[in-house]
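Undergrad: got a sequence here, can you build the structure:
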Amino acid sequence: MYSGTNKTALRSQQSLSDALQRLMAVKPYQSISVSELCREADVSRQTYYTLFKTKENIISYTLNKKCPYEPEENEDSLWQICHSYRYYLEEHADVLCVLVENDLMDLLYDEFYNGLMGCEHFMQEKTEEYRSFVADFIAGGYTSIARSYVRTGAQTTSEMLDQMIYGLFSGKILLK
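TA: Below you'll find the model as predicted:
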């Protein structure tokens with residue numbers, strides 16, 4: 001996936017991302033062809049393959065640009081982290097719905113995992129192996145919670161989400 005600074009390439013990346021989102025609003029992800037996507041974005045197939053190579057890479061780009069999740073340096077308590085994630089769910093419910101509808105939640109998992117592992121404040125005092133296990137657990141939990149949130153209509157109150165996410169990650173919900 002392209003990660004340079006060329007303004008034309010960056011505009012084309014955004015055009016492809018926007019076009020895929022528009023097409024996914026009216027038809028299933030699997031039925032969107034590369035040709036159709038390129039026509040919608042008004043870019044050549046060569047540009048598409050130079051910038052992304054796959055539609056999955058466009059989804060990853062969109063998640064990274066439109067919906068990044070990275071813990072803040074000052075998030076030093078489990079409650080703060082869970083609250084921050086609840087806000088993330090509410091803020092990006094539209095994108096999460098499209099991912100669930102198109103069975104693409106594994107891409108969300110990858111973005112969470114990579115975001116945590118790439119975050120300089122995430123468990124910086126621990127070994128890479130330890131960080132990997134914890135990032136895997138958190139990314140899996142976040143992805144599952146997002147899926148359930150969408151499947152239940154994304155109508156859960158903020159307070160209930162805060163309590164549910166905190167209860168799951170703290171283990172308190174399992175002890176009742």
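Undergrad: which of the residues in the top helix by length along the chain are buried?
TA: Longest helix in the chain by number of residues, with DSSP state H as the criterion: helix 128-151. Within helix 128-151, the residues scored as buried using 16 or more other CB atoms under 10 Å are 131, 135, 138-139, 141-143, 145-147, 149-150. For every residue, glycine as well, the C-beta is placed using N, CA and C.
Undergrad: tell me the one of these nearest Glu90?
TA: Nearest to Glu90 among the buried residues of helix 128-151 is Tyr149, at 8.8 Å by CB to CB.
Undergrad: list the contacts of the closest one.
TA: Each residue near Tyr149 by CB atoms under 8 Å, 6 or more residues apart in numbering is listed here: 89, 93, 96, 156, 161.
Undergrad: repeat that for 10 Å
TA: Contacts were defined as CB atoms under 10 Å, 6 or more residues apart in numbering; by that measure Tyr149 touches 86, 89-90, 93, 96-97, 100, 155-156, 161, 164-165.
Undergrad: point me to the helix or strand that includes the spatially most central residue of the chain.
TA: Closest residue to the average C-alpha location of the chain: Leu108 at 3.7 Å, with CA atoms, centre = their mean. According to DSSP states H and E, Leu108 maps onto helix 105-118.
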